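# build me a model from this:
(chains A and B)
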There are 2 protein chains.
Amino acid sequence: MQVRIVGSKEKGMRQFVIIGHEVPTEPEFSLSDLAGGAGRLDVLCRCVTSAFFLSHAIRTDVRCRLVLNDAYTLRFEGSELRRLNPDERSTAALIRNALDSQEKAIGAMEVETSPGVYLSRNGVEETLRNVNIEGIVIQLHEDGTPIGEIDPPSDPVFVLSDHLDFTQRESDLLDEIGSLRLTIGPDVLHADHAIVVTHNLLSRH
Amino acid sequence: MQVRIVGSKEKGMRQFVIIGHEVPTEPEFSLSDLAGGAGRLDVLCRCVTSAFFLSHAIRTDVRCRLVLNDAYTLRFEGSELRRLNPDERSTAALIRNALDSQEKAIGAMEVETSPGVYLSRNGVEETLRNVNIEGIVIQLHEDGTPIGEIDPPSDPVFVLSDHLDFTQRESDLLDEIGSLRLTIGPDVLHADHAIVVTHNLLSRH
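Predicted coordinates for the structure are as follows:
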């Protein structure tokens, strides 16, 4: 079991946290029914692809966390990733493989389940409090300030919800930690597409 | 068999053409190996999702064509689409279903294979000449003029390649029909991500 302590402020790092609400927390799901039986795990898989993939490279300055049903958090580390492919099915296989190791994740201790992929039993609150130490937390939300109107921080942590809205508790937590609320509008997009646009806006800034 | 003649200039329509080079042209491919045996059909499926999906709606002002190995063209019509879901596998199933009807597509005559999805035997050249009538053809290319430096036309047709570069013949054809060459830079992106960024740039303009 490998445990890794992530550092405090991470300048130059782009972080994304995607909160999944109906996804599996057991590895017994079918890779052939990601959008159905696996509770829209397809959305989270595409979010990982959007966070990391350039045309012929992986973005090494990106960290992405998936929160699975307030029960587990998967952390993907761009500088360490291997075996990540852009298609949904192979990313879902990485997630299923990680859930296979859930017995090895004890409390907040992470276990590395494949190169650059770490599983912990952190839920939404623990993960939001962790990333609030690592950077400036930003909700991507249709009702936010247009992202072009601010100077983006050098250590942004963008928090998105899957196909469902943030729950009241998640919204309250995001308010409590003092997150910014920005919009990439005017179109209201799927989380994975919002990540793509966010990368473009940051890179063009 | 339904034949449809697409109109000439289509103001207010955003069009995308994605040229696939190694994808199946027979319906006997596995939906469980899109990124391998199906020649990176996963990329084209994500392109369709990027072209059409808003968070809770389909963009009705979009037309998207997939050119399959210079042998077939699939046209997706936003205003008519049903049964389109955002995950790769279900889009691949629509494509497989369309290829099942290939015997009904004769010459340049299209056949509607599911609501809003049309198959023809048009290859790259026929399709590029068709879209050149319908709008202003724009190559999305890393070496182009930054898209922010021009006023985008009201009837743009963005042409992209899959995971491979345009072939010399495709580049020559694009030059011959007088296409613009624009970049959404600075990052070089997968085709599906480039479509997402293009939508955002047009919507924010």
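# how about the residues of chain A by chain B?
Proximity of chain A to chain B, by Cβ under 8 Å from any Cβ of the partner chain, involves residues A:31-32, A:34-35, A:42-43, A:46, A:50, A:53-56, A:85-90, A:184-190, A:193, A:196-197, A:199-200, A:203-204. Where C-beta positions appear, they are placed from N, C-alpha and C, glycine not excepted.
# where is the longest helix in chain A?
As assigned by DSSP state H, the longest helix anywhere in chain A is helix A:191-204.
# picking up where we left off before, so which of the residues of chain A next to chain B are in helices?
A:42-43, A:46, A:50, A:88-90, A:193, A:196-197, A:199-200, A:203-204.
# tell me how far the residue of chain A most remote from its centre lies from chain B.
Distance from the C-alpha centroid of chain A peaks at A:Glu149, with 24.3 Å (Cα atoms, centre = their mean). Separation of A:Glu149 from chain B (Cβ to the nearest Cβ, to the nearest Å): 12 Å.
# residues contacting that residue?
Contacts for A:Glu149 (Cβ atoms under 8 Å, 6 or more residues apart in numbering or on different chains) come out as none.
# poorly predicted segments of chain A, please.
A:1-8 (pLDDT under 70).
# which residues in it form helices?
For chain A, helices defined by DSSP H occupy the ranges A:41-52, A:88-99, A:124-134, A:168-176, A:191-204.
# okay, now the sheet partners of the lengthiest strand in chain A, with direction.
Secondary structure assigned by DSSP state E gives strand A:136-146 as the longest strand of chain A. Sheet pairing here is set by DSSP bridges, and for strand A:136-146 it gives strand A:156-161 (parallel), strand A:180-183 (parallel).
# ok, A:Thr198 - contacts?
The contact partners of A:Thr198, taken as Cβ under 8 Å, 6+ apart, are A:Phe16, A:Leu140, A:Ile147, A:Phe158, A:Ile184.
# can you tell me which two in those are farthest apart?
The largest distance within these, taken as Cβ to Cβ, falls between A:Phe16 and A:Ile147 and amounts to 14.1 Å.
# thinking again about what came up before, for ChimeraX, write a command that selects the buried ones of the residues of chain A next to chain B.
The ChimeraX selection below is limited to those of the residues of chain A next to chain B classed as buried (16 or more other Cβ atoms under 10 Å in any protein chain shown):
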select /A:31,34,35,42,43,46,50,53,86,87,88,89,90,184,185,187,189,190,193,196,197,199,200
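# any idea how far the closest residue to A:Arg129 other than its chain neighbours lies from A:His141?
Leaving aside its sequence neighbours, A:Arg129 sits nearest to A:Ile177 (Cβ to Cβ, 6 or more residues apart in numbering or on different chains; 6.9 Å). For A:Ile177, the distance to A:His141 equals 15 Å [Cβ to Cβ, to the nearest Å].
# the more surrounded of these two?
A:His141 (23 against 15; other Cβ atoms under 10 Å in any protein chain shown).
# which ones are touching the more buried one?
Going by Cβ under 8 Å, 6+ apart, A:His141 touches A:Arg181, A:Leu182, A:Thr183.
# burial count for the second one?
Pointing back at A:Leu182 there. Using other Cβ under 10 Å: A:Leu182 sits among 23 other residues.
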